[in-house]
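Colleague: Sequence below, structure please.
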Amino acid sequence: MKQVLIPLAPGCEEMEAVTLIDILRRGEIDVVTAGLTDAPLTASRGVVLVADTTLDNAMAEDRCDMVLIPGGMGGATALAEHKQFLAYLKQVHESGRHVGAICAAPMILGKAGLLDNRTFTAYPGVVDATQFSNATNTGNAVEMDGRIFTSRGPGTALDFALAVLEALAGEGTRNTVEEQLTRC
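Modeller: Model prediction:
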């Protein structure tokens, strides 16, 4: 079973975090959420989230097939300042695994050195593509460039989650989950 690590930091965008967690778990992906501490955290709109483990523990175990980062400026800023996490992201990518980020979180990928020569998307105005060699911010809802996945923001979270699910579990699983979401 594939495993996805979703780091959660205070001020993260709860709609993005919960959508990613929910869709991937519906697709039978093992999702591990990891907080900066073991205490509950408050997301950007006041929703309290409880992570499965700490980020330090998750990085030490290093069992994920993908790291997927929700946005929200507060959470993205906290993770962008976490030097060990930036090094871990680079290690995950260099080992052939996937990384993904939505909304403000692509700035973390940039800070980790993963946006050079890449096509990506992010929340408008958050990431300046000119800071990275030959990078292009398309502004599209979802971008996949090799093993780097990005998305624009809360309104694109469902499309992003489904695209990630398809990449990890196949088109059939994506179609099954998507169909379950549209039944009344």
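Colleague: From the contact counts, what lies against the host helix or strand of residue 164?
Modeller: Here residue 164 sits within helix 157-169, counting by DSSP states H and E. The helices and strands touching helix 157-169, judged by 3 or more CB pairs under 8 Å, 6 or more residues apart in numbering; DSSP states H and E, are helix 14-26, strand 66-69, strand 98-102, strand 142-145, strand 148-151, helix 171-182. The way it works is simple: take the backbone N, C-alpha and C, and place the C-beta from them, glycine included.
Colleague: which stretch among the ones you listed comes nearest residue 41?
Modeller: helix 14-26 (10.0 Å; CB to CB).
Colleague: what inclination does that closest one have with respect to strand 98-102?
Modeller: Here helix 14-26 runs at an angle of 140 degrees relative to strand 98-102 (axes from the mean of the first three to the mean of the last three CA atoms, to 10 degrees).
Colleague: what does helix 14-26 contact?
Modeller: 4, 6, 8, 31, 33, 43-45, 47, 49, 68, 70-72, 102-103, 153-154, 157-158, 160-162, 164-165, 168, 177, 180 (CB atoms under 8 Å, 6 or more residues apart in numbering).
Colleague: Give me the distance between the helix or strand of the chain with the lowest mean pLDDT and the centre of its chain.
Modeller: The weakest-scoring helix or strand in the chain, judged by mean pLDDT, DSSP states H and E, is strand 136-137 (a mean of 94). Centroid separation for strand 136-137 versus its chain: 18 Å, with CA atoms, centre = their mean, to the nearest Å.
Colleague: who does that strand touch, helix- and strand-wise?
Modeller: If contacts are counted by 3+ CB pairs under 8 Å, 6+ apart, strand 136-137 sits against strand 119-120.
Colleague: So which residues make contact with the strand it packs on?
Modeller: 106, 109, 127, 129, 135-138, 143, 145, 148, 150.
Colleague: Listing partners with orientation, what would you give for it?
Modeller: strand 136-137 (parallel) (DSSP bridges).
Colleague: Filter the contacts of helix 14-26 down to just the buried residues.
Modeller: Neighbour-count burial (16 or more other CB atoms under 10 Å) applied to these gives 4, 6, 8, 31, 33, 43-44, 49, 68, 70-72, 102-103, 153-154, 157-158, 160-162, 164-165, 168, 177.
Colleague: still on that earlier bit, pull the helix holding residue 164 out as PDB, backbone CA atoms only.
Modeller: Taking Å, rounded to 0.1, in the frame of the first residue of the first chain, the C-alpha atoms of helix 157-169 are listed here in PDB:
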ATOM      1  CA  ALA A 157      -8.100  20.900  -3.900                       C
ATOM      2  CA  LEU A 158     -10.500  18.200  -5.100                       C
ATOM      3  CA  ASP A 159      -9.100  18.200  -8.600                       C
ATOM      4  CA  PHE A 160      -5.600  18.100  -7.100                       C
ATOM      5  CA  ALA A 161      -6.400  15.200  -4.700                       C
ATOM      6  CA  LEU A 162      -7.900  13.200  -7.600                       C
ATOM      7  CA  ALA A 163      -4.900  13.800  -9.800                       C
ATOM      8  CA  VAL A 164      -2.600  12.600  -7.000                       C
ATOM      9  CA  LEU A 165      -4.800   9.600  -6.300                       C
ATOM     10  CA  GLU A 166      -4.600   8.600 -10.000                       C
ATOM     11  CA  ALA A 167      -0.800   9.000 -10.100                       C
ATOM     12  CA  LEU A 168      -0.400   6.800  -7.000                       C
ATOM     13  CA  ALA A 169      -3.200   4.200  -7.400                       C
END
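Colleague: Many thanks, I have nothing further to ask.
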